[in-house]
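Enquirer: sequence isn't available, so here's the structure alone:
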């Protein structure tokens, strides 16, 4: 019988395990993406706990289903299953304060922007504001039904980063990039795929795309 899958062993070591092919086939695309997200993010957190404890300790609590539904109603969209699965584990990659501009020069260096290119996944409460930023260019122009939801950013302004396509249709769930004064650019990868590739790069100690290998500074992961 064929098999597929990945899981964490009882000893805490990542390894390949067998899932019955029939079980994999019975899962929907949404369920598969959600499962891939859970696995990839668990790998990332394990790495952070071992190598970047300050970043790990400042990871936020989960968002709730109620908060996700409120965001969906506010923005008139459906959050893809893999993105939803992430937010039900963590409401972003750092505390909410990391995604506001500091009010003091003595504020500690934020830990939430530890993804490749120095990006961080913002808390749900920031997404509505970023939704009206650069990702809205085409929606406000001539595509009122378009729903690009910003996920990552390089700073609290939310002018540069990654979005997920929440528009009904073939592109739903795909990631793209956005930048100030530019039209958003839709790609081909899903959020689950992205997190899996980030986890692979971390665990292998290598760069991600054009980025250098990840480094740790005073217990904080820096990947810029």
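Expert: Looks like it arrived, so ask away. All figures in this text were calculated on a predicted structure; none of them were measured in a lab.
Enquirer: what ranges in the protein fall below the confidence cut-off?
Expert: The chain contains residues with pLDDT under 70 at 1-26.
Enquirer: show me where it has helices.
Expert: 21-26, 29-51, 53-57, 65-75, 81-87, 124-131, 137-141, 191-204 (DSSP state H).
Enquirer: so which bits of the third one are buried?
Expert: Residues 54-56 are the ones in helix 53-57 that count as buried (16 or more other C-beta atoms under 10 Å). All C-beta atoms are positioned from the backbone trio N, CA, C, and that covers glycine.
Enquirer: of all these, which comes closest to residue 129?
Expert: Nearest to residue 129 among these is residue 55, at 24.4 Å by C-beta to C-beta.
Enquirer: in the sheet, who's paired with residue 150?
Expert: Beta-bridge pairing for residue 150 (DSSP bridges): residue 163.
Enquirer: thinking again about what came up before, from the buried residues of helix 53-57, pick the one nearest residue 162.
Expert: residue 55 (19.1 Å).
Enquirer: just send the buried residues of helix 53-57 back as CSV, with distance to residue 124 too.
Expert: Listed next are the buried residues of helix 53-57 as CSV, based on distance: C-beta to C-beta, whole Å:
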residue, distance to residue 124
54, 23
55, 20
56, 21
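Enquirer: about what we covered before: so which of the helices of the chain comes closest to residue 159?
Expert: Per C-beta to C-beta, nearest to residue 159 of the helices of the chain: helix 124-131, 8.6 Å.
Enquirer: so which elements touch that closest one?
Expert: In terms of contacts (3 or more C-beta pairs under 8 Å, 6 or more residues apart in numbering; DSSP states H and E), helix 124-131 is packed against helix 65-75, strand 148-153.
Enquirer: who wins for proximity to residue 183 among those?
Expert: Nearest of those (C-beta to C-beta): strand 148-153, 10.4 Å.
Enquirer: got a list of contacts for the closest one?
Expert: 75, 77, 79, 83, 99, 115, 119-122, 127, 130-131, 133, 135-136, 139, 158-167, 175-176, 178, 184, 191 (C-beta atoms under 8 Å, 6 or more residues apart in numbering).
Enquirer: what's the most buried one of the helices of the chain?
Expert: Most buried of those by mean neighbour count (mean count of other C-beta atoms under 10 Å) is helix 81-87; its value is a mean of 23.
Enquirer: who does that helix touch, helix- and strand-wise?
Expert: Under the contact rule (3+ C-beta pairs under 8 Å, 6+ apart), helix 81-87 is packed against helix 29-51, helix 65-75, helix 191-204.
Enquirer: possible to save the ones you listed as a markdown table with distance to residue 152?
Expert: A markdown table is the format used below for these (distance: least, C-beta to C-beta, whole Å):
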| stretch | distance to residue 152 |
| --- | --- |
| helix 29-51 | 14 |
| helix 65-75 | 16 |
| helix 191-204 | 9 |
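Enquirer: right, I'll leave it there.
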